[in-house]
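**Q** Quick one, structure for this:
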Amino acid sequence: MRILLTVERYAPAIGGAERVVQRVAEGLAAREHEVHVMTSGVRSIQELNGVDVHRLPLSGNEARGIRGDAREPLELIDRLDPAVILNYAAQSWTTDVCFPLLDRATRARMVLAPCGFSGLGTRRYDGYFRAMPQRLRAYDSLILHSNVYRDRAFCEQAGAERMVVIPNGADPAADGRGLRAALERPLVVTVGSHVGTKGHAGFARIVGRLSAQRDILGAIVAPPRHGAEALRGCGAACAARARARPRRLRVVDGSASGTTAEWIAAAELFLFTSTVECAPLVIVEAMAAGVPWVSYDVGNVAELPGGIVVRSAADSEQAAAAILDGAHPGLGGDGRSAWSAHHRWEDIVAAYEATFVALERERATR
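**A** Numbers count the residues shown, from 1 in each chain. Sure, this is the predicted structure:
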């Protein structure tokens, strides 16, 4: 089957959506499907681990304006003539340029993974979400990552009937024993880009208070940002905090392959201070490593085992202290068991494949 996945950024770019689509694309290719990805970048075609990656010089989205020739991706889709198209994440040009395809009488089977509708309720996206219910009903299937996050409620209210929940996954845990031994003290880690919503300042404050009573190290693992993105981010502020307290806080470049997984596996606690998420991969990665986690009630974390969901910074500090002091010894094992049962990539790829195959068979019988 020829399958096209669309996502705004793709490997070697680092991020949650990038990781999910890469794992799904490469997994489907390994199952002998012909897999293509349409994404942003300098115009090119590249074969990457069995997947044909088509990069087009577009950016933005329907609400903010699409920069670039919106006809080009539709021409690419016509040339590829895929059986199935997966649009990964609403509010991105790679999804929004495909909306006209929904009105075609003869077209590929179309699937949308909304990924949370982060702009829902904001004035800029009012028109976008007024138009969304009709579009959702026109998709052949919707893939949600959670039973509890707001995109499911929105899809149900829109009258969309064909929905399937496929969770996010994580690779098997890295070996963190060498790093743990080198650090010589318990590690508390968080992972996320240097942007305000990831809560790095709050993480540093909590680690500072925890370390007043314990000899621990806090680590912020994140890829560096460059140019204008760096000016808008918190990387410089995080680096300054780490220089001021080198014994208590460290900033780790998470861009190298395996770095994030190693630091998570070496940790005694994964402390997640992000305030905006849909289905955070890093929580599942902590589960895979058997590392207990503490998180605000963001995205779908409330339905994930292996950690404690909190409402405030004070609650987060209290829960983190309890875990570091030996309370809740079964959390890590609970998380790892849930990862093994429900969040392995091979099983998740199989669920995507089953969804696509069912849609194609359905069309063949009409």
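
**Q** what's the average pLDDT for the lengthiest helix in the chain?
**A** As assigned by DSSP state H, the longest helix anywhere in the chain is helix 345-364. Helix 345-364 shows a mean pLDDT of 93.

**Q** go on, stretch 125-137?
**A** The model assigns stretch 125-137 a mean pLDDT of 97.

**Q** What would that stretch look like as CSV? C-alpha coordinates only.
**A** Only the C-alpha atoms of stretch 125-137 are listed here, as CSV (Å, rounded to 0.1, in the frame of the first residue of the first chain):
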residue,chain,number,x,y,z
TYR,A,125,-8.3,30.3,15.6
ASP,A,126,-12.1,31.1,15.9
GLY,A,127,-12.7,30.7,12.2
TYR,A,128,-10.5,27.7,11.9
PHE,A,129,-12.4,25.8,14.5
ARG,A,130,-15.8,26.9,13.2
ALA,A,131,-14.9,25.2,10.0
MET,A,132,-13.4,22.1,11.7
PRO,A,133,-16.5,20.1,12.6
GLN,A,134,-17.5,19.7,8.9
ARG,A,135,-14.0,18.7,8.0
LEU,A,136,-13.8,16.2,10.8
ARG,A,137,-16.9,14.5,9.6
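
**Q** chain center to it: distance?
**A** How far stretch 125-137 lies from its chain's middle: 23 Å, per C-alpha atoms, centre = their mean, to the nearest Å.

**Q** go on, stretch 293-300?
**A** Per C-alpha atoms, centre = their mean, the centroid offset for stretch 293-300 relative to its chain is 14 Å.

**Q** Pull out the buried residues from that stretch.
**A** By neighbour count on 16 or more other C-beta atoms under 10 Å, the buried set for stretch 293-300 is 293, 294, 295, 296, 298, 299, 300. From N, CA and C alone the C-beta is placed, and that goes for glycine too.

**Q** which of the residues in the longest helix of the chain are buried?
**A** Neighbour-count burial for helix 345-364, counted by 16+ other C-beta under 10 Å, picks out 345, 348, 349, 351, 352, 353, 355, 356, 359, 360.

**Q** Tell me which other helices or strands it touches.
**A** helix 16-30, strand 84-88, strand 109-113, strand 141-144 (3 or more C-beta pairs under 8 Å, 6 or more residues apart in numbering; DSSP states H and E).

**Q** Residue 335: which of the ones you listed is closest?
**A** Comparing the helices and strands packed on helix 345-364 against residue 335 with C-beta to C-beta, the closest turns out to be helix 16-30 (18.1 Å).

**Q** And the helices and strands packed on helix 345-364: which comes nearest residue 200?
**A** With respect to residue 200, and counting by C-beta to C-beta, the nearest of those is helix 16-30 at 16.6 Å.

**Q** Which residues outside the closest one are in contact with it?
**A** If you take C-beta atoms under 8 Å, 6 or more residues apart in numbering as the criterion, helix 16-30 is touched by 3, 5, 7-11, 35, 37, 49-51, 86, 88-89, 115, 168-169, 280-282, 345-346, 348-349, 352-353.

**Q** Please type out the ChimeraX selection for whichever of those residues turn out to be buried.
**A** Only the buried entries of the contacts of helix 16-30 go into this ChimeraX selection, using 16+ other C-beta under 10 Å:
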select :3,5,7,8,9,10,11,35,37,51,86,88,89,115,168,169,280,281,282,345,348,349,352,353
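
**Q** Just the pLDDT at the closest residue to residue 14 other than its chain neighbours, thanks.
**A** Distances taken as C-beta to C-beta, 6 or more residues apart in numbering put residue 223 closest to residue 14, at 4.8 Å, once the chain neighbours are dropped. As summarised for this prediction, residue 223 has a pLDDT of 92.

**Q** Would you mind measuring from residue 223 to residue 193?
**A** From residue 223 across to residue 193, the span is 7 Å (C-beta to C-beta, to the nearest Å).

**Q** Domain-wise, how is this protein divided?
**A** 2-169+344-360, 177-342 (automatic domain parsing).

**Q** how long is the first one from one end to the other?
**A** One end of domain 2-169+344-360 sits 11 Å from the other (C-alpha to C-alpha, to the nearest Å).

**Q** try stretch 320-338
**A** The first and final residues of stretch 320-338 sit 21 Å from each other (C-alpha to C-alpha).
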